[in-house]
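>>> Sequence and predicted structure below; questions after.
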Amino acid sequence: MRAVVLGGTKGMGRALARLLVERGDSVHLLGRDAEDLARSAADLEIRGGGRRVGTGRLDLADPAGFAAALDGAVAELGGLDLVVVTAAQFGTQEALEADLERTREMLTVNFANTVVFCEEARRRLMAGRGGSLCVFSSVAGDRARKPVVLYGASKAGLSAYLEGLDHRYRRDGLVTVAVKPGFVRTGMTAGLPEPPFAGDQEAVARRVLRAIDGKKPVVYAPGIWRWVMFAIRRLPRFVMRRIGF
Amino acid sequence: MSSVGDNHVPKLSGWGRVAGPGVEAASEELAAACRGAALTRGLGRSYGDSSLPPPGGLAASSRLADRILSFEPGTGHLRAEAGLSVRALNRLFLPRRWFLPVTPGTQDVTVGGLVASDVHGKNHHRDGTIGRYVERLRMRVADGRVLDVSRSRHPDLFRATLGGMGLTGHIFEVTLRMRRIPTPWIATESRRVPDIDRYVRALKEAGPRWPYTMGWIDCLSGGRRLGRGILMCGRWAEPGEAPRFAPRPLRRVRVPFVLPEWVLSPLTVRLFNEAYYVRHPRVRRGIVHPETFFYPLDAIGDWNRLYGPRGFTQHQCVLPEESVSRSGARRLLQLLSDAGAASFLCVIKDCGAEGEGLLSFPMPGISVAVDLPVRDDTEELVARLNEFVIAEGGRVYLTKDRFTTERDFRRMESRLPRFLEIRRRWDPESRIRSAQSVRLFGDRP
């Protein structure tokens, strides 16, 4: 496979990119920081047994650069079979409430700009023989909850978009995989109190790769979160108002 | 390994599960993680309090900074971020016939941790500690500068950092020389040895013939059978005698929860030791998986839970050659046996020349390591063992230690003033410190 990973220098994106190169796939990394990209590319090249890993600069806050970055990736890979998006912003509810500029930026990056990036990616995937678009949303988008009102809203919008894509384009060869991680121990969640069923990023990456290969439209990771969210989605409002999670 | 105590004071612990108050912050960016941190820790696999911040403090965790930055197949030079684990390294490099020139007995250690503990392995008598193969370090020193440190640049800092328990700075990157191996399989020979004196003799005799030697000792049998054990020797198998395929990482079973204290009692350990010794044939030869040979305990995940809720410690000391020739090992085992200490695991290894690291643990002689469950009298027991070690001219391994006193440590470590002098030069206020350095070096809490 020829894969573009946006957010592959850190966290679950890093773990997933490693699995891809270790099984022989070609990977091209997109991200904000050129030096960080170069270090991750070196890591992936050594793990992949020497296969070249290209990089390109892309900032989700700056949609003007999306098309060029993707074109560069397609040119370098010689085609495109998979686009993975793990990049996103996170802020605790308290931090976001205290800073509306940051809230606006988070909503723009996580929803509007991610959707625009996916549209650019979709066109390029569908221009060829089709392919897969794997985007990391969150369980926080499944049900509005007190600790993640703003972040959850950005992810709810993204999840709705991804479901729509799956309905509209699956027959035309576009496989959409919406990943809904629960709590996963990464740099993003470091320092947060750890809830039950916390997962580690390697295990999540393995699960996501199986979902991509199996063309599953939605994957919860760790898997137990599917049932946790099944229950939480069904809780009545008067319960949600009372409980703290 | 973080946990929340009963009174909701966040705690950290080492592998021995004796917790202390403190928190850790992990990030892919070590420069960000170590901001405001007293110490950087890796996977928290040192047994005692070496990886814990001073009480209530902050430790940076390097475990997410695990990228390999370069590898030169011509020379074996590998440069990696400090949080890369030996497990990841082996998974990637064993099939390509490269291996660490020195490996500790577990894979759940980071390359930063290898350096901070200046680890030794079963080949110490021949190949020394890992420090010998470390070419360069990138580290952040107390004043915030990020420096490249080697034998030619800041050699004092370099030597103090090998085995310096992370107290000289935050290690960001490690460059070391990997070793080419003929196949990724191990040819072994193991034999039963009926008592401690013959065991030590056999260990020393095996040294010139085998690159890897070590042995398990039954320290509960007394009298004529005192210190009977199994001596294991190994070397890398040659292409003609090994399987043609690469070994796959072994699966692990896990200890699912903390077991009650009676599980490891003198009685159960005695039964285990008897079975383990008797079932072993007089001599066994074969080709084995490298993980089975180097990391036998890794087969059981979370095995530290076997020791019960109070945790355990390990007393690992090195006895110099003069002591060994005066049956130091026998007298140490006698001391343990008299104290009624039920050690599940006792390992004796051959040690060669002292390393460059200013606080590097091994010296020519033998290393004796015993696991001790934490009980009411553990401190007292460790003090008695240390008294013996000091009288013999040996020293203990800081990576395993939790109960040595400051006074005893100063008595056994004549190199300490030199280390502290260099540390003062780079960190006059002792900003970088650990729970262990508070306990042993008199750092402010």
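Great, that's in hand.
>>> Could you tell me which residues of chain A lie near chain B?
Within chain A, the positions lying close to chain B (Cβ under 8 Å from any Cβ of the partner chain) are A:9-11, A:14, A:39-40, A:42-43, A:46-47, A:185-187, A:190-191. All C-beta atoms are positioned from the backbone trio N, CA, C, and that covers glycine.
>>> Return the subset of those lying in strands.
Using DSSP state E, residue A:185 are the members of the residues of chain A next to chain B that sit in strands.
>>> Output the contacting helices and strands for the helix or strand that contains residue B:267.
Taking DSSP states H and E as the definition, residue B:267 sits inside helix B:266-279. Contact analysis of helix B:266-279 by 3 or more Cβ pairs under 8 Å, 6 or more residues apart in numbering or on different chains; DSSP states H and E lists strand B:229-236 as its packing neighbours.
>>> By pLDDT, give me the weakest of the residues of chain A next to chain B.
Least confident of these in the model: residue A:191, at 73.
>>> Just to check, it is in contact with residue B:27?
No. Contact criterion Cβ atoms under 8 Å: residue A:191 and residue B:27 do not qualify, at 9.2 Å.
>>> Comparing the two, which residue is more hemmed in?
Between residue A:191 and residue B:27, counted using other Cβ atoms under 10 Å in any protein chain shown, residue B:27 has the larger neighbour count: 23 against 12.
>>> List of residues touching stretch A:111-127?
For stretch A:111-127, contacts defined as Cβ atoms under 8 Å, 6 or more residues apart in numbering or on different chains pick out A:4, A:6, A:60-61, A:63, A:66-67, A:70-71, A:74, A:80-81, A:83, A:85, A:88, A:131-133, A:135, A:154, A:157-158, A:161-162, A:165, A:169, A:172-174.
>>> Ignore what I typed, I meant stretch A:37-47.
Contacts for stretch A:37-47 (Cβ under 8 Å, 6+ apart): A:8-9, A:14, A:17-18, A:21-22, A:27, A:29-31, A:51-57, B:67-71, B:92.
>>> now stretch B:387-395
Here stretch B:387-395 makes contact (Cβ under 8 Å, 6+ apart) with B:317-320, B:322-323, B:328, B:331-332, B:335, B:361, B:363, B:365, B:396, B:408, B:411-413.
>>> Against chain A, how distant is residue B:138?
According to Cβ to the nearest Cβ, to the nearest Å, residue B:138 stands 12 Å off from chain A.
>>> who touches that residue in this structure?
Residue B:138 neighbours (Cβ under 8 Å, 6+ apart): B:146-149, B:171-173.
>>> tell me the SS of it?
The assignment at residue B:138 comes out as strand when based on DSSP: H, G, I helix; E, B strand; the rest coil.
>>> For the closest residue to it other than its chain neighbours, grab phi and psi.
Nearest residue to residue B:138 in three dimensions, chain neighbours excluded: residue B:173, at 3.9 Å (Cβ to Cβ, 6 or more residues apart in numbering or on different chains). Main-chain torsions, residue B:173, degrees, to the nearest 10: phi -140, psi 150.
>>> which other helices and strands contact the longest strand seen in chain A?
Ordering each strand of chain A by length in residues (DSSP E) puts strand A:174-181 first. If you count contacts as 3+ Cβ pairs under 8 Å, 6+ apart, strand A:174-181 packs onto helix A:114-127, strand A:131-136, helix A:149-169, helix A:201-213, strand A:218-221, helix A:225-233.
>>> And that strand, what's buried?
Neighbour counts over strand A:174-181 (16 or more other Cβ atoms under 10 Å in any protein chain shown) mark A:174-181 as buried.
>>> same check, this time on stretch B:247-263
Result for stretch B:247-263 [16+ other Cβ under 10 Å]: buried residues B:247, B:258.
>>> before we move on, what about stretch B:331-343?
B:331-334, B:336-337, B:341-343.
>>> if we can go back for a sec, which single one of the contacts of residue B:138 is nearest to chain A?
Distance to chain A across these (Cβ to the nearest Cβ) is lowest for residue B:173, with 10.0 Å.
>>> Could you give the number of residues near the residue in chain A that chain B sits nearest to?
At 3.9 Å from chain B, residue A:43 is the closest residue in chain A, using Cβ to the nearest Cβ. Counted by other Cβ under 10 Å, the residues lying close to residue A:43 total 24.
>>> same question, residue A:61
Residue A:61: 11 surrounding residues under other Cβ under 10 Å.
>>> picking that back up, and which of the buried residues of stretch B:331-343 is nearest to residue B:119?
Nearest to residue B:119, judged by Cβ to Cβ, of these is residue B:343 at 21.6 Å.
>>> Excluding residues flanking it in the chain, which one is nearest the closest one?
That would be residue B:370: by Cβ to Cβ, 6+ apart, it lies 4.2 Å from residue B:343.
>>> Hmm, that neighbour is touching residue B:317, no?
No. Counting by Cβ under 8 Å, residue B:370 does not reach residue B:317; the two are 9.1 Å apart.
>>> what pLDDT does residue A:162 get?
At residue A:162, pLDDT is 98.
>>> Please name the bridge partners of the closest residue to it other than its chain neighbours.
Spatial nearest neighbour of residue A:162, chain neighbours left out: residue A:178 (4.0 Å); criterion: Cβ to Cβ, 6+ apart. Legend: beta-bridge partners of residue A:178 under DSSP bridges are residue A:135, residue A:218.
>>> Quick one: residues contacting residue A:178.
By Cβ under 8 Å, 6+ apart, the residues touching residue A:178 are A:135, A:137, A:159, A:162-163, A:166, A:217-219.
>>> What subset of the residues you listed is buried?
Taking 16+ other Cβ under 10 Å as the criterion, what is buried in the contacts of residue A:178 is A:135, A:137, A:159, A:162, A:166, A:218-219.
>>> Let me have those in TSV, adding distance to residue B:203 as columns.
Shown next, in TSV, are those (distance: Cβ to Cβ, whole Å):
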residue	distance to residue B:203
A:135	58
A:137	59
A:159	62
A:162	63
A:166	65
A:218	59
A:219	53
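>>> so how many other residues sit close to the residue of chain B found nearest chain A?
Distances between chain B and chain A by Cβ to the nearest Cβ are smallest at residue B:67, namely 3.9 Å. Using other Cβ under 10 Å, residue B:67 has 24 neighbouring residues.
>>> Surely it is in contact with residue B:84?
Yes. With contact defined as Cβ under 8 Å, residue B:67 reaches residue B:84; the gap is 7.2 Å.
>>> How many residues are close by residue A:183?
17.
>>> Name the nearest residue to it, ignoring sequence neighbours.
Sequence neighbours aside, residue A:198 is the residue nearest to residue A:183 in space, at 4.6 Å (criterion: Cβ to Cβ, 6+ apart).
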